[in-house]
Every structure is written in structure tokens, then in C-alpha cells.
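Chemist: okay, predicted coordinates and the sequence, questions at the end:
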Amino acid sequence: MDHPKRDGKLEMLPPPPPVVPPNFVPEKVANRLPMARPGVASKGQRISLLTNHFKVSISRTDGYFYHYSVSIKYEDDTPVDAKGIGRTIISKLQETYSHELDAKKFAYDGEKALFTVGPLPQNKLEFTVIMDDGSANRSRGGHGSPGDDGSDTKRSRRQPRSKTYKVAISYAAKIPIQSIANALRGNDSEQFQEAVRVLDIILRQNAAQKGCLLVRQSFFHNEPRNFVDIGGGVVGCRGFHSSFRATQGGLSLNMDVSTTMIVKPGPVIDFLLFNQKVEHPQQIDWAKAKRTLKNLRIKASTSNMEYKIIGLSDLRCKDQTFFFKQRREGSSDATEVEITVYDYFVSHRNIRLKFSGDFPCINVGKLKRATYIPIELCTLVSLQRYTKALSNLQRASLVEKSRQKPQERINSLRQALVSSNYAADPLLQSCGISISSEFTSIEGRVLPPPKLKFGGNEDFVPRNGRWNFNNKSVFKPTTRFVQWAAVNFSNNCNMKKICDDLVRCGSRKGISIKDPYRIFSENVQSRRNPAPIRVDQMIEQLKAGLPGAPVFILCVLPERKNSDLYGPWKRKNLSELGVVTQCIAPTRAVNDQYLTNLGGINSLLSIEHSPMPIMVCQVPTLIVGMDVSHGSPGRDVPSIAAVVSSRQWPLISQYRAAVRSQSPRSEMIDCLFKPISGTVDQGIFRELLDDFHKSSHKKPEHIIIFRDGVSESQFNQVLNIELDQIIQACKFKDEQWNPKFMVVVAQKNHHTKFFQSNSPDNVPPGTVIDKGVCHPRNNDFYMCAHAGMIGTSRPTHYHVLHDEIGFSPDELQDFVHSLSYVYQRSTTAISVVAPICYAHLAAAQVSQFVKFEEGSSDRASTASGGAAAVPELPRLHKNTCNTMFFC
């Protein structure tokens with residue numbers, strides 16, 4: 001049979017389906033659910049805390065929330081996209097038909113779901129709602145914006161002054177309010193989740209009625225005092241998050257300060273100047289401007305109406321024409337004439353245009369019916385989300401300008417609770433809900449820091465979550481500096497001094513560093529070439545100037561952030577050449593901060609080299625960190641799955657990483673188990689198991705998995721998809737092997753904060769909370785392992801989903817706390833366990849090896865089930881795959 005050809009070349013057929021050995025039977029397990037809390041811990045010094053949870057009381061539990069489906073159509077039965085206009089229509093419906101609805105108040109989600117306390121008069125109701133045209137469709141043209149089909153008179157004659165909608169409300173389900181009380185007793189259910197969803201929708205509606213921008217459960221008022229300019233035409237807008245949570249102490253309202261990015265309101269031309277960082281409109285890239293402005297809303301100064309931008313005119317305002325029907329004097333007849341947008345506004349509207357004539361017009365019409373407005377008459381309205389990726393400078397500016405000290409955050413939350421005025425909300429009143437105005441008092445515990453071990457067998461106890469290497473040597477010096485070289489892509493640094501400083505610093509830290517074999521500097525002529533070519537040329541210099549492959553290369557880059565050279569350089573060395581390399585962009589002499597990142601083991605936990613009774617040091621234990629990173633918002637590029645694992649047991653400070661690409665925006669890792677024959681498994685987990693076996697000379701009896709980046713709604717998928725793959729990978733390696741598993745999810749993206757009751761400072765490092773505001777049934781706890789030096793400390797929320805090993809609460813919290821002290825890039829305790837940080841770093845670094853293009857199919861691999869092909873990432877070289885290259 002002939003192979004298919006494309007462009008004269010043989011086209012490779014997709015690989016055959018995976019072959020599973022006949023004697024391999026994956027273990028069938030019942031649907032796993034998150035485990036219940038086995039108890040609470042007691043270790044540590046007690047501390048009185050406040051938390052941003054406000055106690056909620058429910059005076060009635062005998063009623064029901066009634067759920068109705070909402071359908072909104074035009075008169076011709078065409079469905080209406082309710083998003084944006086649905087709230088206005090439903091509000092008008094309530095006002096018009098209050099009697100027919102028994103004066104019921106609605107909780108409407110803005111799209112297709114509506115809730116009431118108690119039933120409506122009938123299970124199916126149909127209404128006709130007549131809206132004023134201006135309020136019903138804010139993006140319709142008016143006499144302030146000429147179209148391509150006639151004059152203002154014709155437009156006003158063709159367009160009715162009102163618009164009619166048909167609204168159907170149909171019964172869907174009822175939810176007992178009693179389910180909230182049941183959940184607080186530990187009997188969680190889908191009905192409870194639905195009941196809390198109704199309460200959260202009431203909060204959203206409360207904010208929408210105040211004119212807020214809604215971003216899930218965060219609400220942002222149009223108050224300039226809450227805006228901070230972060231550059232590029234982008235503004236950080238401070239608001240607040242508000243949602244109901246079930247806790248051990250009962251139902252609570254969790255409120256927190258929240259920040260989102262919005263487009264800077266004001267003249268469109270000013271926004272474009274800021275966004276493109278140019279000083280004059282003549283310098284604006286209008287193709288880029290068209291992409292940036294699309295779908296933003298503007299207000300036209302001529303009509304004071306809002307419109308949505310669909311694009312820009314193809315020609316400049318003085319050249320862009322449309323047909324205009326002009327009446328003759330003394331006659332009712334109209335003659336159609338072609339006129340430029342500029343002449344129309346200047347001659348017929350008597351509006352003076354200062355500079356719009358030479359630039360494109362804003363198009364606010366429809367795809368086949370353009371409506372043009374000169375750009376200087378357009379102003380961007382406030383509270384429009386900016387959803388594109390921020391630059392590093394913008395991100396740093398946002399963090400700096402939006403952080404608040406603990407007392408400042410407390411004051412902001414008190415003000416937000418007062419301004420929300422939930423006590424006056426009629427729907428909350430009808431539910432019998434009242435919300436306390438006081439922060440909830442709880443008890444926490446402060447765990448003692450673990451003891452660290454440095455070079456010379458020196459023990460050290462960190463203070464306030466910090467330590468340094470002054471007068472200390474590293475525990476295990478690197479051996480990389482036997483034959484090493486330095487390369488310089490920068491033209492303004494003293495490479496000889498950098499290398500001398502490195503040798504001198506190494507001597508103080510117990511690292512024997514010889515002078516580099518040679519220092520290579522980039523040719524001046526090469527600096528104008530694309531980054532991959534510059535890297536190739538530097539590699540050629542290295543090969544020509546060295547007697548053999550170096551063990552280590554120190555690379556000096558010209559920019560500290562976003563250097564185009566970083567990705568190609570790392571790929572060339574780590575993937576193709578198998579050489580460990582460290583990139584720096586020094587603004588001053590090399591110091592300890594650089595040195596601690598140049599290899600070796602800086603410090604260990606003392607328990608790793610002592611007979612202390614910690615479970616992971618007594619039984620061969622594999623510690624795993626898993627994370628998935630996604631492309632920037634709006635970019636359809638592959639997601640990157642990274643899994644790191646410990647090696648050289650009983651150490652828990654050494655890790656290696658395996659990284660793969662997968663379908664865009666897919667959070668579940670789908671390549672943990674990937675058999676391609678009866679004996680070959682190319683999945684990530686087999687790679688990690690083989691390395692542990694080789695480096696530790698044992699198979700792990702315990703496997704502890706830390707998972708980052710998943711929400712509570714995805715917990716069951718972690719347990720029943722990812723854990724299943726891991727179990728299958730173990731069985732595939734050895735059918736008789738039955739390791740025990742533990743799965744812990746770490747969440748940073750939540751809104752619970754803790755404050756000291758009697759101090760304005762952040763909570764001390766090592767603070768742990770497992771009662772008061774945790775889940776009423778599930779096994780979870782909060783931990784602030786780090787010292788919050790600026791802003792308000794954000795605790796990590798750990799959820800123990802599965803535990804076959806049998807950790808006690810004290811043992812587990814102590815272990816998690818210790819893993820915050822083994823991060824080799826830092827001399828401070830970090831806020832989340834090191835394996836998760838390493839997974840995040842590995843995904844970020846390897847993702848820069850390839851600049852994915854949207855829809856790219858180069859080196860694509862087809863996912864199981866015929867899914868879309870995903871470009872593969874380069875694999876690490878055998879010389880570097882077991883190193884901590886990501887540090």
C-alpha cells in the first residue's frame with residue numbers, strides 16, 4: 001500500500017493506539033471523594049487572630065429558592081444575547097409586571113438563570129417588555145454618527161423609538177434553604193452548592209444595581225480614587241471580593257480587597273498614545289490600534305451616547321466617504337450624495353475638527369453597515385476590563401501600587417462592608433439573612449522553624465523565616481567549576497571583574513572555583529541579528545575556542561527581564577548540548593545573591609541527616625510537585641505541564657523535572673501515563689519513578705503529591721483522572737507493587753486573610769490555622785510559612801484530598817512547613833512548598849524554549865481520542881535532565 005504524499009514528501013501516519021500488555025489490569029477503584037478531616041493539630045504556640053470572614057445568621061430554614069430559566073427574544077423570535085442588556089430588560093419587566101409577579105424580588109445572574117424566595121404565580125410566564133431604544137441598545141447609532149445609508153432624518157425615521165422583547169420565565173428546580181444548615185453540620189451536597197450560588201448571585205445583583213463592574217465575585221466602583229495608573233494606557237482598579245463560604249464556625253461572608261485592570265478612560269487618541277508609547281498621533285500604528293480598540297465602548301461627544309467599536313475606517317477621515325441623503329430647500333425630495341466623514345461633521349454638523357482629518361475614523365456600526373465617528377469626538381468610557389497580558393513593568397507597578405499593610409486592608413474592608421449595605425437588600429432580608437459587621441476572631445498556632453544544616457555540619461535555626469550565608473559555607477559545593485566558561489552578550493559590563501568576584505565569593509563559601517577557561521564576548525556586528533542566530537554564533541565561538549565541552553557556562557545577558565536571548569540560549573544548552581548554564585544580568589558586582597544560585601546544595605534540613613522520627617525519612621518516599629501553566633489571555637497556545645520529583649532519598653531537598661505540552665487551557669495533566677507498547681511507558685510519571693529508583697536504589701513505598709492551580713470544582717478530577725494515571729503508571733512498572741499515596745492541593749488564589757488581633761504587623765512565619773474558618777467536613781488548613789515583609793501576607797490554603805499513608809494533622813503540617821525551607825533559590829521561607837515552586841519554574845523556563853504560534857503544528861503530537869495536535873517541547877539532554885536546571 002502506498003503512503004500518502006504531501007509536497008512530494010512522504011507523510012507520516014499517526015502512531016498506532018497504545019498497546020497494553022495482556023496481563024496488565026488497571027486497578028478499578030470506586031469514585032474517589034475528598035477525605036474528611038481526621039482531627040485538628042495542636043503543635044505550636046497559640047496566637048489570637050482576626051480573619052476577613054463575617055459571620056452570617058439565617059433566621060429561616062423552612063423555605064425554598066426557586067430556580068427559573070430565562071429566555072429573551074426579539075419580536076421575530078431571534079434570541080437576544082442577554083449579557084449586558086439582560087439586567088436592564090428584567091428590571092423593566094419587574095417594574096412593569098409587579099402585580100402579575102406578586103411583587104416578587106428576583107436574583108438574576110444576567111444571563112439565563114433567575115431565582116426567587118418562594119414560587120412565582122405560575123410555572124411558566126411570558127411577558128412583552130418594551131424598552132426605550134437608547135436604554136435597550138446602547139451601541140445603536142444616533143444622529144451623532146453618520147452611516148452609509150442616509151441622513152440623520154432617514155435614520156430617525158427608520159429606527160423606532162422603542163424596542164420590544166419577548167421574555168419567557170420557566171420553572172427549573174427548587175432548592176431547600178435547609179441545605180445550608182445541613183452543610184454546616186458536615187453534610188455537603190449539590191443543593192448546598194446551588195443555595196450558596198443563589199446567595200452569591202444576590203451579591204452580584206446588589207453590586208450591579210450600584211453600577212459596578214462585575215468580575216465573577218469581585219465588584220469595582222467607578223471611583224477615580226480607586227484607580228492607579230500602571231502605564232501603557234492601563235489602570236489598576238481597586239474593588240472588593242464578596243462571597244459566602246461554609247466554615248466550621250457556620251456560614252460566613254468572605255470579603256477581601258481585589259484589583260483588576262481596566263482601560264484608561266478618556267480620549268481615545270490619548271489612550272493610543274499611552275498604549276503604544278509614542279508622543280504624536282502621526283506615530284501611531286493603526287493596524288495595532290484597530291486590534292486594541294475592537295469591542296471597547298466609547299461615548300460620542302456629539303450625542304452623549306455610548307457605542308461599541310467594531311473597527312476603524314480603511315481611509316483617513318478626510319477621504320472616507322458615505323452616501324448622504326440631502327433635502328433640497330423647499331422640497332420634500334432628497335438627493336443622495338457622496339460625502340466624506342470630515343466634510344459631514346464640519347459642514348453639516350458645524351463641528352470643528354482639530355486633527356481627526358488625517359487619521360482613521362472609529363467604526364461603531366455593523367459589519368455590513370459602517371457608522372463612522374471622527375476619533376477626537378470619541379472618549380473611552382470607564383470600567384472596561386483590560387484582559388491582555390501585562391508587561392513585567394506594568395505587573396511590578398500594579399503590585400507596588402495596590403499592596404496594603406494589614407491595618408490598611410482592615411480599614412478598606414470595613415468601608416466596603418458599610419458601602420455594600422447588605423442589611424438593606426430585600427432579597428437577603430426575605431431569606432432571613434443578617435451579616436455581622438465584625439471580623440471573625442479565631443485561634444492560630446505558630447510552628448517553630450526547622451533546623452537547617454550548612455557546610456561544616458553547622459546547624460542553624462532561622463529567625464523570622466529568614467537566614468543568610470554570611471560566614472557560612474554551602475552544604476554540598478558544586479563540582480561544575482572544574483572546566484567552565486563565561487559568555488557576554490552585553491556591551492557594558494566588566495566580565496573580568498565578574499569572574500574574579502565569583503572566584504572570591506566561592507572561596508568564602510567553600511566552593512573551589514578556578515578561573516574560567518576563557519571569556520567570550522559577542523561580536524558587535526552580531527548584535528543586530530535575530531536572537532536564535534546570535535545564540536548559534538556564540539556557540540560556534542565556544543566550540544572553536546574550547547578544547548572540549550564545558551561543564552558550566554556563565555551567561556551575561558543585556559536585559560534583566562524579557563531578553564529575547566534567554567529562551568534560545570537555554571534551549572541550545574540544556575536540550576541540545578547538555579551543558580548547565582546560568583544567566584545573569586548584573587547591575588553591580590556579583591554578590592552572594594548570585595552565588596547562591598550557581599549550583600550545589602546551599603542548605604539541608606537537619607532531619608535529612610539525622611535519625612529524627614519524620615515519616616518521609618524512615619520510609620522511601622517520593623515527593624512530587626505538579627503544575628500547569630497556560631498562555632497569556634487571548635492566546636491559543638499549548639499549555640505546559642510540569643512535574644518535579646524528589647531524588648536521592650532520604651533527601652527531600654533535591655528534585656528533577658519532566659515537562660510536556662498539552663492542549664490549550666487544559667488544566668488536568670493528560671500525559672502522566674502513556675504506554676506505547678507492552679513494555680514501554682513514555683508518560684511523565686514513569687520517567688520520575690525510574691529516576692527515583694536509580695538515584696535512591698529503592699522503589700518508593702510512599703508517594704506524596706502536591707498539586708497546584710486547581711479549583712475546588714476540579715478536586716474530583718485530580719483524584720479520579722490524575723491519580724488514576726499515576727496508579728496505572730506504577731502498576732505498569734510492576735504489577736505487584738502497591739505504594740501508598742497522598743494528594744494535597746495548594747491554593748494561593750483565594751481571598752482569606754489573617755491579621756494579628758493585637759498588632760499591626762503581619763502574622764508571624766509558621767502561622768497555621770485549621771479550625772474556625774476551614775471547611776466544616778473536608779481536611780484542609782491555611783499556612784503562612786513565610787514572613788510578610790510588604791503588604792498583607794497571603795496564606796496558602798492546603799486541601800488534603802487523599803491519604804493512604806496516615807499522617808497525623810501535626811505531622812503533616814510540620815512536614816509542609818519544612819518543605820517551605822528547602823527552596824534553593826532563596827534564603828527565606830517561601831509561601832508554598834518548594835516542589836510546587838519548582839514545577840512552576842520548570843514550566844516557565846522550558847516554555848521559553850519554543851515560541852508557540854497560535855495554531856502551530858510543527859513537531860505536533862496527536863492527543864488520544866483524535867484531539868487536535870499539540871506541538872511537542874524539546875526534551876532535555878541526558879546530561880541536564882536530572883539537574884535542578886530550573887533554579
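Modeler: Received the coordinates, thanks.

Chemist: tell me which helix or strand of the chain sits lowest on mean pLDDT?
Modeler: In the chain, the helix or strand scored least confidently by mean pLDDT, DSSP states H and E is helix 152-158, which has a mean of 34.

Chemist: can you name the next helix or strand after that helix?
Modeler: Counting by DSSP states H and E, the next helix or strand C-terminal to helix 152-158 is strand 162-176.

Chemist: just the C-alpha atoms of that next one, please, in PDB.
Modeler: What follows is strand 162-176, C-alpha atoms only, in PDB (Å, rounded to 0.1, in the frame of the first residue of the first chain):
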ATOM      1  CA  SER A 162     -38.600  51.800  21.300                       C
ATOM      2  CA  LYS A 163     -37.800  48.100  21.100                       C
ATOM      3  CA  THR A 164     -39.900  45.100  22.000                       C
ATOM      4  CA  TYR A 165     -38.600  41.900  23.700                       C
ATOM      5  CA  LYS A 166     -40.400  38.700  24.500                       C
ATOM      6  CA  VAL A 167     -39.300  37.200  27.900                       C
ATOM      7  CA  ALA A 168     -40.200  33.700  28.900                       C
ATOM      8  CA  ILE A 169     -39.700  32.500  32.500                       C
ATOM      9  CA  SER A 170     -39.900  28.800  33.100                       C
ATOM     10  CA  TYR A 171     -39.600  26.800  36.400                       C
ATOM     11  CA  ALA A 172     -36.500  24.600  36.600                       C
ATOM     12  CA  ALA A 173     -35.900  23.400  40.100                       C
ATOM     13  CA  LYS A 174     -36.300  24.300  43.800                       C
ATOM     14  CA  ILE A 175     -33.500  24.400  46.400                       C
ATOM     15  CA  PRO A 176     -34.200  24.000  50.100                       C
END
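
Chemist: okay, now the sheet partners of it, with direction.
Modeler: For strand 162-176, the paired strands and their directions (DSSP bridges) are strand 64-74 (antiparallel), strand 124-132 (antiparallel).

Chemist: residues in contact with it?
Modeler: Counting contacts by C-beta atoms under 8 Å, 6 or more residues apart in numbering, the residues outside strand 162-176 that touch it are 63-75, 77, 80, 89-90, 93, 113-114, 119-120, 123-133, 136-137, 191, 194-195, 198. Placement of C-beta: from N, CA and C, glycine included.

Chemist: any idea of the mean pLDDT for that strand?
Modeler: Confidence for strand 162-176, expressed as mean pLDDT, is 91.

Chemist: list the buried residues of that strand.
Modeler: Judged by neighbour count (16 or more other C-beta atoms under 10 Å), strand 162-176 contains these buried residues: Lys163, Tyr165, Lys166, Val167, Ile169, Lys174, Ile175, Pro176.

Chemist: if you skip the residues just before and after it, what's nearest to Pro765?
Modeler: Nearest-residue entry for Pro765: Gly465, 3.2 Å, with adjacent residues in sequence omitted and distances by C-beta to C-beta, 6 or more residues apart in numbering.

Chemist: how close does that neighbour sit to Gly545?
Modeler: Applying C-beta to C-beta, to the nearest Å, one obtains 45 Å for the distance of Gly465 from Gly545.

Chemist: which one of the two is surrounded by more residues?
Modeler: A count of neighbours by other C-beta atoms under 10 Å puts Gly465 above the other of Gly465 and Gly545, at 21 against 12.

Chemist: thought Asp459 was touching Pro450?
Modeler: No - the pair Asp459 and Pro450 does not pass the contact test of C-beta atoms under 8 Å, sitting 10.6 Å apart.

Chemist: look at those two and report which has more neighbours.
Modeler: Remark: of Asp459 and Pro450, Pro450 carries more neighbours, 24 against 10, as counted by other C-beta under 10 Å.

Chemist: three-state assignment of the closest residue to that one other than its chain neighbours?
Modeler: Closest residue in space to Pro450, ignoring its immediate chain neighbours: Ser818 at 4.6 Å, by C-beta to C-beta, 6+ apart. For Ser818, the assignment made with DSSP: H, G, I helix; E, B strand; the rest coil gives helix.

Chemist: is Leu719 in a helix, a strand, or coil?
Modeler: helix.

Chemist: neighbours of it, how many?
Modeler: 22.

Chemist: do the one 3 residues further on as well
Modeler: Applying the criterion other C-beta under 10 Å, we find 24 residues in the vicinity of Glu722.

Chemist: need the contact list for the residue nearest to it when sequence neighbours are not counted.
Modeler: The spatially closest residue to Glu722, leaving aside those adjacent along the chain, is Ile669, at 5.8 Å (C-beta to C-beta, 6+ apart). Contacts were defined as C-beta under 8 Å, 6+ apart; by that measure Ile669 touches Met626, Val628, Ala641, Val643, Gln662, Ile684, Glu722, Gln725.

Chemist: which of the residues you listed fall in helices?
Modeler: Here DSSP state H is the test, and the contacts of Ile669 give Ile684, Gln725 as lying in helices.

Chemist: return the distance of stretch 375-386 from the chain's centre.
Modeler: Its chain's average C-alpha position is 26 Å from that of stretch 375-386, according to C-alpha atoms, centre = their mean, to the nearest Å.

Chemist: do stretch 349-365 as well
Modeler: 39 Å.

Chemist: hey, C-alpha coordinates of that stretch in PDB?
Modeler: Taking only C-alpha atoms (Å, rounded to 0.1, in the frame of the first residue of the first chain), the coordinates of stretch 349-365 have been written out as PDB:
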ATOM      1  CA  ARG A 349     -22.900  69.500  11.800                       C
ATOM      2  CA  ASN A 350     -20.800  72.600  12.300                       C
ATOM      3  CA  ILE A 351     -18.300  70.800  14.400                       C
ATOM      4  CA  ARG A 352     -14.800  71.900  14.300                       C
ATOM      5  CA  LEU A 353     -12.300  69.100  14.000                       C
ATOM      6  CA  LYS A 354      -8.700  69.900  15.100                       C
ATOM      7  CA  PHE A 355      -6.800  66.800  14.000                       C
ATOM      8  CA  SER A 356      -9.100  63.900  13.100                       C
ATOM      9  CA  GLY A 357      -9.000  64.600   9.300                       C
ATOM     10  CA  ASP A 358      -5.600  62.900   8.900                       C
ATOM     11  CA  PHE A 359      -6.500  59.800  10.900                       C
ATOM     12  CA  PRO A 360      -8.900  56.900  10.600                       C
ATOM     13  CA  CYS A 361     -12.400  57.200  12.000                       C
ATOM     14  CA  ILE A 362     -13.900  55.000  14.700                       C
ATOM     15  CA  ASN A 363     -16.400  52.500  13.200                       C
ATOM     16  CA  VAL A 364     -19.300  51.800  15.600                       C
ATOM     17  CA  GLY A 365     -21.800  50.400  13.100                       C
END
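
Chemist: any idea of the mean pLDDT for that stretch?
Modeler: Taken as a whole, stretch 349-365 carries a mean pLDDT of 91.
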